[in-house]
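I would like the atomic coordinates for the input below:
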Amino acid sequence: MIDNSSQLKSNYDQQGYIVIRDYFTETEISSLRKVVLKFHELWKKDNEKFYKEEAFNSSLITGSEFLAFDDRVKLFNFISSKKIMDVVESVIPTKPSFMNTQLFFNPVNPQQKDFWHRDCQYDHEVEEQKIAIQETQVVHLRVPLFDELGMELVPGTHKRWDNEEEYNVRQEEKGRVSSENLSTGKEIKLAAGDLLVFSADMIHRGLYGMDRLALDILVFDPAGDFTDYVDDDCLPELSMMDKIDDPRLFMNILDLKSIKAVEQG
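Numbers count the residues shown, from 1 in each chain. Okay, the predicted model is just below:
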């Protein structure tokens, strides 16, 4: 368990990420891996062309398309377990809300390269990105299911804009490409059982190789308006709620959705 949540918060606020080594037991990871691999095999069959040509991640792991009721409940219980909630609430103290899950794996094409990005660049033009990194708070909690090369992050960029090198590489300007190395990058190798928490909007990239298969849990600060990004099918059904030991993370997003629905009339 976490000894010092204020220290975690301080580290996250300064650097934009925290790593907790050997946080989960072998039993916890083995149980999670079993459910996630069920999803992954079915997803690959259903998305065969995309998987073979360009995919490096999937999303909506908690949805009903590929997993049965009991497996979804297992996932929801992991996502809202005390270990996860202790970390989530140290970073987002007030009503953290569940957003989504993603699964990261190696692309089939060995020529495909990992690339630097901020998540907000896919929704916003440059000037809006500058605002987003100051105002919004979306957090990834990465749970590697096997030992892997991990992530490369640029510490502090959850609160500051790119320098010239970072901008040109990330945006592929002035002849640079997003797969180039950055002088400011910091590699963080991950093993099964570790937990990496990082800001979605900091400059980062996943590192391909080894047996990469990592489950990311995305949560957000309700001060940011992200309810429209949340797929209803990924949330627990009402009949699941009493089977989830601590459903607050999901109740918070359901409350936000209800409020928004009333506001929109």
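
residue contacts, Met241?
Taking C-beta atoms under 8 Å, 6 or more residues apart in numbering, we find Met241 in contact with Pro247, Phe250, Met251. Glycine gets a C-beta too; all of them are placed from N, C-alpha and C.

leaving out sequence neighbours, find the closest residue to Glu26.
Gly193 (7.0 Å; C-beta to C-beta, 6 or more residues apart in numbering).

how close does that neighbour sit to Lys83?
Distance of Gly193 to Lys83, given as C-beta to C-beta, to the nearest Å: 11 Å.

which neighbours do those two have in common?
Contacts common to Gly193 and Lys83, judged by C-beta under 8 Å, 6+ apart, are Tyr23, Phe24.

surely the residue nearest to Glu26 and Tyr23 touch.
Yes - the pair Gly193 and Tyr23 qualifies as a contact (C-beta atoms under 8 Å) at a distance of 6.4 Å.

hey, where'd the strands end up in the chain?
17-20, 57-59, 97-105, 138-144, 148-153, 186-190, 195-199, 204-206, 213-220 (DSSP state E).

nearest to Val35, out of these?
strand 213-220 (9.5 Å; C-beta to C-beta).

and the contacts of the closest one?
Residues lying outside strand 213-220 but in contact with it, judged by C-beta under 8 Å, 6+ apart, are 32-33, 36-37, 40, 61, 79, 84, 88, 92, 96-105, 136-146, 148, 190, 200, 206, 226, 249.

just the buried ones from the residues you listed?
When those are checked for burial by 16 or more other C-beta atoms under 10 Å, the buried set is 32-33, 36, 40, 61, 79, 84, 88, 92, 96-105, 136-145, 148, 190, 200, 206, 226, 249.

which one of the contacts of Met241 sits closest to Asp46?
For the contacts of Met241, the closest approach to Asp46 (C-beta to C-beta) belongs to Phe250, at 25.3 Å.

give the contact list for the closest one.
Contacts of Phe250 (C-beta under 8 Å, 6+ apart): Phe76, Ser80, Phe98, Leu235, Pro236, Met241, Ile244.

which stretches of the chain have low pLDDT?
Counting by pLDDT under 70, the chain shows low-confidence ranges at 1-3.

in it, where's the longest helix?
Residue-count comparison of every helix in the chain, with assignments taken from DSSP state H, identifies helix 26-46 as the longest.

what's the angle from that one to strand 97-105?
Using axes from the mean of the first three to the mean of the last three C-alpha atoms, to 10 degrees, the direction of helix 26-46 lies 70 degrees away from that of strand 97-105.

how near is Arg160 to Ala200?
Using C-beta to C-beta, we find Arg160 at a distance of 15 Å from Ala200.

test my guess that Gln121 contacts Arg170.
Yes - proximity of Gln121 to Arg170 meets the contact threshold set by C-beta under 8 Å, at 7.4 Å.
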